[in-house]
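Visitor: The amino acid sequence is not available; the structure is as follows:
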(Lines give C-alpha, C1' and ligand atoms only; values in the text may rest on other atoms or scores of the structure.)
Protein backbone atom coordinates (compact mmCIF):
# COMPACT_ATOMS: atom_id res chain seq x y z
CA UNK A 1 0.00 0.00 0.00
CA UNK A 2 1.49 3.31 -1.19
CA UNK A 3 -0.01 6.78 -0.77
CA UNK A 4 0.64 9.66 -3.15
CA UNK A 5 -0.34 13.32 -3.20
CA UNK A 6 -1.92 13.98 -6.62
CA UNK A 7 -3.43 16.60 -8.89
CA UNK A 8 -3.78 20.27 -8.05
CA UNK A 9 -1.68 20.17 -4.88
CA UNK A 10 1.35 18.95 -6.85
CA UNK A 11 0.71 21.39 -9.69
CA UNK A 12 0.32 24.39 -7.40
CA UNK A 13 3.45 23.57 -5.40
CA UNK A 14 5.50 23.45 -8.59
CA UNK A 15 3.97 26.77 -9.66
CA UNK A 16 4.65 28.34 -6.27
CA UNK A 17 0.92 28.86 -5.77
CA UNK A 18 -0.96 28.40 -2.47
CA UNK A 19 -2.82 25.11 -2.10
CA UNK A 20 -6.15 24.79 -0.34
CA UNK A 21 -7.26 21.19 -0.94
CA UNK A 22 -5.00 18.15 -1.07
CA UNK A 23 -6.05 14.97 -2.88
CA UNK A 24 -4.48 11.61 -2.12
CA UNK A 25 -4.51 8.38 -4.10
CA UNK A 26 -3.84 4.98 -2.57
CA UNK A 27 -2.15 2.29 -4.69
CA UNK A 28 -2.09 -1.41 -3.78
CA UNK A 29 -4.98 -1.38 -1.32
CA UNK A 30 -8.55 -2.62 -1.24
CA UNK A 31 -11.60 -1.09 0.38
CA UNK A 32 -11.29 -3.63 3.17
CA UNK A 33 -7.68 -2.53 3.81
CA UNK A 34 -8.84 1.08 4.17
CA UNK A 35 -11.64 0.17 6.58
CA UNK A 36 -9.25 -1.86 8.71
CA UNK A 37 -7.01 1.20 9.09
CA UNK A 38 -9.92 3.31 10.31
CA UNK A 39 -10.71 5.25 7.11
CA UNK A 40 -14.39 6.18 6.68
CA UNK A 41 -16.02 5.49 3.28
CA UNK A 42 -17.80 8.37 1.51
CA UNK A 43 -17.82 7.59 -2.21
CA UNK A 44 -20.98 6.08 -3.65
CA UNK A 45 -19.71 5.62 -7.22
CA UNK A 46 -16.08 4.79 -6.44
CA UNK A 47 -14.06 4.10 -3.28
CA UNK A 48 -13.17 7.36 -1.55
CA UNK A 49 -12.34 7.44 2.15
CA UNK A 50 -11.82 10.07 4.82
CA UNK A 51 -8.62 9.93 6.85
CA UNK A 52 -9.44 8.99 10.48
CA UNK A 53 -7.58 12.04 11.86
CA UNK A 54 -7.16 14.73 9.18
CA UNK A 55 -10.50 14.14 7.44
CA UNK A 56 -8.81 14.54 4.03
CA UNK A 57 -10.01 12.46 1.09
CA UNK A 58 -8.10 9.36 0.03
CA UNK A 59 -9.21 7.60 -3.16
CA UNK A 60 -8.24 4.12 -4.25
CA UNK A 61 -6.35 4.07 -7.57
CA UNK A 62 -8.90 3.38 -10.28
CA UNK A 63 -9.53 3.16 -13.99
CA UNK A 64 -12.69 4.23 -15.79
CA UNK A 65 -14.61 3.29 -18.89
CA UNK A 66 -17.21 5.29 -20.80
CA UNK A 67 -20.62 3.69 -20.34
CA UNK A 68 -23.12 6.45 -21.10
CA UNK A 69 -23.61 10.11 -21.93
CA UNK A 70 -22.48 13.10 -19.93
CA UNK A 71 -20.36 13.68 -16.87
CA UNK A 72 -21.74 10.68 -14.97
CA UNK A 73 -21.60 8.17 -17.80
CA UNK A 74 -18.61 6.17 -16.53
CA UNK A 75 -17.95 2.79 -14.97
CA UNK A 76 -15.09 2.76 -12.45
CA UNK A 77 -12.80 -0.10 -11.54
CA UNK A 78 -10.78 0.07 -8.33
CA UNK A 79 -8.44 -2.74 -7.33
CA UNK A 80 -5.06 -3.23 -5.61
CA UNK A 81 -3.59 -4.07 -9.02
CA UNK A 82 -4.39 -0.66 -10.58
CA UNK A 83 -1.10 1.24 -10.99
CA UNK A 84 -0.43 4.90 -10.27
CA UNK A 85 0.15 5.53 -14.00
CA UNK A 86 -3.22 3.96 -14.84
CA UNK A 87 -4.91 6.20 -12.30
CA UNK A 88 -3.17 9.36 -13.56
CA UNK A 89 -3.92 8.77 -17.25
CA UNK A 90 -7.67 9.15 -16.68
CA UNK A 91 -7.20 12.78 -15.55
CA UNK A 92 -7.96 15.78 -17.74
CA UNK A 93 -4.73 17.78 -18.14
CA UNK A 94 -1.07 16.80 -17.92
CA UNK A 95 -0.48 19.48 -15.26
CA UNK A 96 -3.15 17.73 -13.14
CA UNK A 97 -1.75 14.24 -13.79
CA UNK A 98 1.32 14.38 -11.57
CA UNK A 99 1.87 12.71 -8.20
CA UNK A 100 4.26 13.18 -5.32
CA UNK A 101 5.51 10.46 -2.94
CA UNK A 102 6.21 10.80 0.77
CA UNK A 103 9.79 11.88 -0.02
CA UNK A 104 8.59 14.82 -2.12
CA UNK A 105 9.62 13.18 -5.40
CA UNK A 106 7.40 14.03 -8.37
CA UNK A 107 6.06 11.19 -10.53
CA UNK A 108 5.24 12.67 -13.92
CA UNK A 109 4.53 10.02 -16.58
CA UNK A 110 2.69 12.34 -19.00
CA UNK A 111 4.83 15.48 -19.19
CA UNK A 112 3.05 17.72 -16.72
CA UNK A 113 6.22 19.54 -15.60
CA UNK A 114 7.17 20.18 -19.21
CA UNK A 115 3.75 21.71 -19.88
CA UNK A 116 3.94 23.78 -16.71
CA UNK A 117 7.17 25.29 -17.99
CA UNK A 118 5.70 25.79 -21.47
CA UNK A 119 2.53 27.29 -19.90
CA UNK A 120 0.31 24.85 -21.78
CA UNK A 121 -3.01 23.30 -20.83
CA UNK A 122 -2.77 19.97 -22.65
CA UNK A 123 -4.96 16.84 -22.41
CA UNK A 124 -3.43 13.66 -21.02
CA UNK A 125 -4.94 11.15 -23.45
CA UNK A 126 -7.52 10.81 -26.24
CA UNK A 127 -9.99 9.70 -23.55
CA UNK A 128 -10.34 13.43 -22.84
CA UNK A 129 -13.29 13.50 -25.26
CA UNK A 130 -15.26 11.05 -23.16
CA UNK A 131 -16.13 13.64 -20.51
CA UNK A 132 -17.96 16.81 -21.67
CA UNK A 133 -17.40 18.51 -18.33
CA UNK A 134 -13.74 18.84 -19.29
CA UNK A 135 -14.61 21.57 -21.77
CA UNK A 136 -15.76 23.75 -18.90
CA UNK A 137 -12.93 22.67 -16.61
CA UNK A 138 -10.21 23.48 -19.12
CA UNK A 139 -11.79 26.87 -19.84
CA UNK A 140 -11.89 27.49 -16.08
CA UNK A 141 -8.22 26.57 -15.69
CA UNK A 142 -7.44 28.91 -18.58
CA UNK A 143 -9.20 31.70 -16.67
CA UNK A 144 -7.28 30.89 -13.49
CA UNK A 145 -3.83 30.62 -15.01
CA UNK A 146 -4.04 33.27 -17.75
CA UNK A 147 -2.11 35.79 -15.59
CA UNK A 148 0.77 33.27 -15.53
CA UNK A 149 0.78 33.09 -19.33
CA UNK A 150 -1.02 29.75 -19.78
CA UNK A 151 -3.00 28.94 -22.92
CA UNK A 152 -4.91 25.92 -24.17
CA UNK A 153 -2.82 23.69 -26.46
CA UNK A 154 -4.07 23.69 -30.05
CA UNK A 155 -4.66 19.94 -30.10
CA UNK A 156 -6.62 20.13 -26.84
CA UNK A 157 -8.76 22.98 -28.19
CA UNK A 158 -9.51 20.77 -31.19
CA UNK A 159 -10.76 17.98 -28.90
CA UNK A 160 -12.88 20.53 -27.05
CA UNK A 161 -14.44 21.52 -30.38
CA UNK A 162 -15.11 17.85 -31.06
CA UNK A 163 -16.91 17.58 -27.72
CA UNK A 164 -18.88 20.80 -28.32
CA UNK A 165 -20.05 19.56 -31.73
CA UNK A 166 -20.93 16.06 -30.47
CA UNK A 167 -24.03 16.97 -28.47
CA UNK A 168 -22.41 15.71 -25.26
CA UNK A 169 -22.52 19.14 -23.59
CA UNK A 170 -26.32 18.97 -23.53
CA UNK A 171 -26.05 15.84 -21.36
CA UNK A 172 -24.52 17.83 -18.49
CA UNK A 173 -26.91 18.55 -15.64
CA UNK A 174 -27.84 22.20 -15.01
CA UNK A 175 -26.43 21.98 -11.49
CA UNK A 176 -23.04 20.65 -12.62
CA UNK A 177 -22.79 23.19 -15.42
CA UNK A 178 -23.67 26.07 -13.10
CA UNK A 179 -21.06 24.91 -10.59
CA UNK A 180 -18.31 25.16 -13.22
CA UNK A 181 -19.58 28.46 -14.65
CA UNK A 182 -19.90 30.10 -11.23
CA UNK A 183 -16.42 28.95 -10.19
CA UNK A 184 -14.95 30.17 -13.47
CA UNK A 185 -16.56 33.61 -13.15
CA UNK A 186 -14.79 34.01 -9.81
CA UNK A 187 -11.34 33.28 -11.31
CA UNK A 188 -8.76 35.99 -11.98
CA UNK A 189 -9.68 36.28 -15.67
CA UNK A 190 -13.34 35.33 -16.15
CA UNK A 191 -13.21 36.89 -19.62
CA UNK A 192 -10.74 34.19 -20.68
CA UNK A 193 -13.27 31.53 -19.63
CA UNK A 194 -15.86 33.01 -21.99
CA UNK A 195 -13.31 33.47 -24.78
CA UNK A 196 -12.09 29.86 -24.58
CA UNK A 197 -15.67 28.56 -24.62
CA UNK A 198 -16.22 30.64 -27.72
CA UNK A 199 -13.00 29.43 -29.35
CA UNK A 200 -14.10 25.80 -29.03
CA UNK A 201 -17.75 26.44 -30.05
CA UNK A 202 -19.04 25.58 -26.57
CA UNK A 203 -20.42 29.06 -25.88
CA UNK A 204 -22.87 28.76 -28.77
CA UNK A 205 -24.12 25.49 -27.27
CA UNK A 206 -24.26 26.47 -23.60
CA UNK A 207 -25.12 30.17 -23.83
CA UNK A 208 -26.10 31.06 -27.41
CA UNK A 209 -27.56 34.32 -26.07
CA UNK A 210 -24.07 35.43 -24.97
CA UNK A 211 -22.35 34.08 -28.08
CA UNK A 212 -24.72 36.11 -30.27
CA UNK A 213 -23.29 39.37 -28.87
CA UNK A 214 -19.99 38.94 -30.71
CA UNK A 215 -19.98 40.81 -33.99
CA UNK A 216 -22.80 43.16 -32.95
CA UNK A 217 -21.59 46.81 -33.19
CA UNK A 218 -22.30 49.65 -30.76
CA UNK A 219 -21.87 53.43 -31.19
CA UNK A 220 -18.15 54.22 -31.10
CA UNK A 221 -18.65 57.43 -29.10
CA UNK A 222 -19.94 55.40 -26.15
CA UNK A 223 -18.09 52.16 -26.87
CA UNK A 224 -14.63 52.64 -28.41
CA UNK A 225 -14.31 48.84 -28.58
CA UNK A 226 -17.47 48.84 -30.79
CA UNK A 227 -18.07 45.05 -30.66
CA UNK A 228 -20.64 44.14 -27.96
CA UNK A 229 -18.89 40.84 -27.24
CA UNK A 230 -15.56 42.59 -26.73
CA UNK A 231 -17.31 45.02 -24.38
CA UNK A 232 -18.68 42.09 -22.39
CA UNK A 233 -15.18 40.62 -21.98
CA UNK A 234 -13.87 44.02 -20.85
CA UNK A 235 -16.68 44.32 -18.28
CA UNK A 236 -15.80 40.89 -16.85
CA UNK A 237 -12.15 41.98 -16.58
CA UNK A 238 -13.27 45.01 -14.60
CA UNK A 239 -15.35 42.78 -12.33
CA UNK A 240 -12.28 40.71 -11.51
CA UNK A 241 -10.02 43.72 -11.03
CA UNK A 242 -12.52 45.25 -8.62
CA UNK A 243 -13.11 41.90 -6.87
CA UNK A 244 -16.87 41.89 -7.40
CA UNK A 245 -18.99 39.06 -5.96
CA UNK A 246 -20.58 36.35 -8.09
CA UNK A 247 -23.96 38.10 -8.21
CA UNK A 248 -22.40 41.15 -9.85
CA UNK A 249 -20.28 39.11 -12.27
CA UNK A 250 -23.27 37.04 -13.38
CA UNK A 251 -25.38 40.17 -13.88
CA UNK A 252 -22.59 41.74 -15.92
CA UNK A 253 -22.34 38.65 -18.11
CA UNK A 254 -26.03 38.93 -19.05
CA UNK A 255 -26.65 42.69 -18.94
CA UNK A 256 -26.53 43.38 -22.69
CA UNK A 257 -28.22 40.26 -24.11
CA UNK A 258 -30.95 42.36 -25.72
CA UNK A 259 -28.45 43.95 -28.11
CA UNK A 260 -28.31 40.69 -30.04
CA UNK A 261 -32.03 41.18 -30.78
CA UNK A 262 -31.59 44.61 -32.40
CA UNK A 263 -32.43 44.61 -36.10
CA UNK A 264 -29.34 44.96 -38.30
CA UNK A 265 -30.77 48.00 -40.04
CA UNK A 266 -30.86 49.79 -36.65
CA UNK A 267 -27.19 49.10 -35.82
CA UNK A 268 -25.17 50.48 -34.09
CA UNK A 269 -28.00 51.87 -31.94
CA UNK A 270 -29.81 49.54 -29.56
CA UNK A 271 -33.11 51.13 -28.62
CA UNK A 272 -35.00 49.31 -25.83
CA UNK A 273 -32.32 46.61 -25.60
CA UNK A 274 -32.96 46.51 -21.85
CA UNK A 275 -36.47 45.09 -22.31
CA UNK A 276 -35.52 42.96 -25.30
CA UNK A 277 -32.96 41.25 -23.10
CA UNK A 278 -35.27 40.26 -20.24
CA UNK A 279 -36.69 37.05 -21.82
CA UNK A 280 -33.14 36.03 -22.74
CA UNK A 281 -31.89 36.62 -19.20
CA UNK A 282 -34.81 34.56 -17.89
CA UNK A 283 -33.98 31.74 -20.32
CA UNK A 284 -30.32 31.53 -19.26
CA UNK A 285 -31.24 31.68 -15.58
CA UNK A 286 -33.75 28.86 -16.01
CA UNK A 287 -31.38 26.71 -18.10
CA UNK A 288 -28.76 26.51 -15.36
CA UNK A 289 -31.12 26.70 -12.37
CA UNK A 290 -29.20 29.77 -11.22
CA UNK A 291 -29.52 30.70 -7.51
CA UNK A 292 -32.23 33.25 -6.78
CA UNK A 293 -29.92 36.11 -5.74
CA UNK A 294 -28.00 35.86 -9.03
CA UNK A 295 -31.22 35.56 -11.03
CA UNK A 296 -32.84 38.61 -9.45
CA UNK A 297 -29.83 40.88 -9.78
CA UNK A 298 -29.20 39.84 -13.40
CA UNK A 299 -32.77 40.69 -14.34
CA UNK A 300 -32.74 44.04 -12.54
CA UNK A 301 -29.35 45.05 -13.96
CA UNK A 302 -30.50 44.07 -17.45
CA UNK A 303 -33.59 46.24 -17.13
CA UNK A 304 -32.15 49.26 -15.32
CA UNK A 305 -28.40 49.62 -16.00
CA UNK A 306 -28.96 52.48 -18.45
CA UNK A 307 -30.97 54.24 -15.72
CA UNK A 308 -27.82 54.14 -13.59
CA UNK A 309 -25.72 55.67 -16.37
CA UNK A 310 -28.26 58.51 -16.70
CA UNK A 311 -28.80 58.85 -12.95
CA UNK A 312 -27.90 62.55 -12.78
CA UNK A 313 -30.48 63.31 -15.49
CA UNK A 314 -33.35 61.25 -14.06
CA UNK A 315 -36.46 63.07 -12.92
CA UNK A 316 -37.32 62.54 -9.23
CA UNK A 317 -40.32 60.34 -10.03
CA UNK A 318 -38.21 58.09 -12.30
CA UNK A 319 -35.56 57.91 -9.59
CA UNK A 320 -38.23 56.90 -7.07
CA UNK A 321 -39.49 54.16 -9.40
CA UNK A 322 -35.93 52.85 -9.69
CA UNK A 323 -35.51 52.75 -5.90
CA UNK A 324 -38.90 51.04 -5.50
CA UNK A 325 -37.99 48.39 -8.08
CA UNK A 326 -34.96 47.44 -5.98
CA UNK A 327 -36.80 47.65 -2.64
CA UNK A 328 -33.93 49.73 -1.28
CA UNK A 329 -35.71 50.10 2.06
CA UNK A 330 -35.51 46.40 2.93
CA UNK A 331 -32.76 45.19 0.58
CA UNK A 332 -30.05 47.88 0.47
CA UNK A 333 -27.31 45.38 -0.47
CA UNK A 334 -29.02 44.47 -3.75
CA UNK A 335 -29.07 48.13 -4.80
CA UNK A 336 -25.38 48.43 -3.90
CA UNK A 337 -24.64 45.44 -6.16
CA UNK A 338 -26.67 47.05 -8.94
CA UNK A 339 -24.55 50.20 -8.65
CA UNK A 340 -21.39 48.06 -8.76
CA UNK A 341 -22.54 46.20 -11.88
CA UNK A 342 -23.45 49.47 -13.60
CA UNK A 343 -20.04 50.93 -12.78
CA UNK A 344 -18.30 47.82 -14.17
CA UNK A 345 -20.35 48.26 -17.35
CA UNK A 346 -19.24 51.90 -17.61
CA UNK A 347 -15.58 51.00 -17.02
CA UNK A 348 -15.58 48.06 -19.42
CA UNK A 349 -14.86 50.29 -22.42
CA UNK A 350 -11.49 50.53 -24.11
CA UNK A 351 -9.57 53.55 -22.85
CA UNK A 352 -12.26 54.52 -20.34
CA UNK A 353 -11.41 52.05 -17.57
CA UNK A 354 -10.27 54.81 -15.17
CA UNK A 355 -13.06 57.26 -15.95
CA UNK A 356 -14.91 58.57 -12.90
CA UNK A 357 -18.43 57.29 -12.26
CA UNK A 358 -20.17 59.99 -10.18
CA UNK A 359 -23.50 58.24 -10.73
CA UNK A 360 -22.55 55.73 -8.04
CA UNK A 361 -22.43 58.21 -5.17
CA UNK A 362 -25.42 60.11 -6.55
CA UNK A 363 -27.55 56.94 -6.49
CA UNK A 364 -26.35 56.04 -3.00
CA UNK A 365 -27.30 59.51 -1.79
CA UNK A 366 -30.72 59.30 -3.42
CA UNK A 367 -31.40 55.94 -1.77
CA UNK A 368 -30.37 57.36 1.59
CA UNK A 369 -32.64 60.39 1.14
CA UNK A 370 -35.60 58.12 0.40
CA UNK A 371 -34.80 55.84 3.36
CA UNK A 372 -34.68 58.75 5.79
CA UNK A 373 -38.35 59.59 5.25
CA UNK A 374 -39.97 58.63 8.55
CA UNK A 375 -43.24 56.70 8.72
CA UNK A 376 -44.21 57.72 12.27
CA UNK A 377 -45.32 61.31 11.46
CA UNK A 378 -47.64 59.93 8.79
CA UNK A 379 -49.13 57.43 11.21
CA UNK A 380 -49.70 60.24 13.69
CA UNK A 381 -51.62 62.12 11.00
CA UNK A 382 -53.96 59.14 10.73
CA UNK A 383 -52.76 57.60 7.49
CA UNK A 384 -53.15 53.83 7.25
CA UNK A 385 -53.38 51.06 4.67
CA UNK A 386 -53.19 52.12 1.02
CA UNK A 387 -53.42 55.79 1.98
CA UNK A 388 -50.32 55.41 4.14
CA UNK A 389 -48.47 53.87 1.19
CA UNK A 390 -49.42 56.76 -1.07
CA UNK A 391 -48.50 59.36 1.55
CA UNK A 392 -45.14 57.69 2.11
CA UNK A 393 -44.53 57.69 -1.62
CA UNK A 394 -45.32 61.41 -1.83
CA UNK A 395 -42.93 62.21 1.01
CA UNK A 396 -40.16 60.16 -0.58
CA UNK A 397 -40.74 61.92 -3.89
CA UNK A 398 -40.47 65.30 -2.14
CA UNK A 399 -37.23 64.14 -0.47
CA UNK A 400 -35.83 63.17 -3.89
CA UNK A 401 -36.86 66.52 -5.37
CA UNK A 402 -34.96 68.27 -2.59
CA UNK A 403 -32.00 65.94 -3.07
CA UNK A 404 -31.90 66.50 -6.82
CA UNK A 405 -32.12 70.29 -6.42
CA UNK A 406 -29.22 70.23 -3.97
CA UNK A 407 -27.10 68.19 -6.39
CA UNK A 408 -27.92 70.01 -9.61
CA UNK A 409 -25.26 72.59 -10.60
CA UNK A 410 -26.52 76.14 -11.06
CA UNK A 411 -26.90 77.15 -14.69
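Guide: Yep, that arrived. All of these numbers come straight from a predicted model, not from anything done at the bench.

Visitor: Check this protein for its longest helix and report it.
Guide: For the chain, the longest helix by residue count, based on DSSP state H, is helix 385-406.

Visitor: Remind me what that one packs against, helices and strands.
Guide: Under the contact criterion of 3 or more C-beta pairs under 8 Å, 6 or more residues apart in numbering; DSSP states H and E, helix 385-406 touches helix 316-326, helix 359-371, helix 376-380. (Each C-beta comes from the backbone N, C-alpha and C, glycine too.)

Visitor: of these, which approaches residue 153 most closely?
Guide: helix 359-371 (42.0 Å; C-beta to C-beta).

Visitor: Contacts made by the closest one with the rest, please.
Guide: Contacts to helix 359-371, defined as C-beta atoms under 8 Å, 6 or more residues apart in numbering, come from residues 308-312, 319-320, 323, 328-329, 332, 335-336, 339, 342-343, 346, 396, 399-400, 402-404, 407.

Visitor: quick one: buried residues of it?
Guide: 359, 360, 362, 363, 366, 367, 369, 370 (16 or more other C-beta atoms under 10 Å).

Visitor: Next: stretch 337-357.
Guide: 337-349, 357.

Visitor: quick one, helices of the stretch 1-150 of the chain?
Guide: 8-15, 31-36, 84-88, 112-118, 133-145 (DSSP state H, counting those that start in this stretch).

Visitor: where along the protein do the strands fall?
Guide: 2-6, 23-27, 40-41, 48-50, 57-60, 62-66, 74-78, 99-100, 106-107, 120-121, 151-152 (DSSP state E).

Visitor: Could I get the average pLDDT for the fourth one?
Guide: For strand 48-50, mean pLDDT is 91.

Visitor: That strand packs against which elements?
Guide: strand 40-41, strand 57-60.

Visitor: Including mean neighbour count, could those go into TSV?
Guide: Formatted as TSV, these follow (neighbours: other C-beta atoms under 10 Å):
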stretch	mean neighbour count
strand 40-41	12
strand 57-60	20
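
Visitor: Let me have those strands in a markdown table, extended by mean pLDDT and distance to residue 18.
Guide: As requested, the helices and strands packed on strand 48-50 are exported to a markdown table (pLDDT from 0 to 100; distance: least, C-beta to C-beta, whole Å):
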| stretch | mean pLDDT | distance to residue 18 |
| --- | --- | --- |
| strand 40-41 | 90 | 27 |
| strand 57-60 | 90 | 19 |
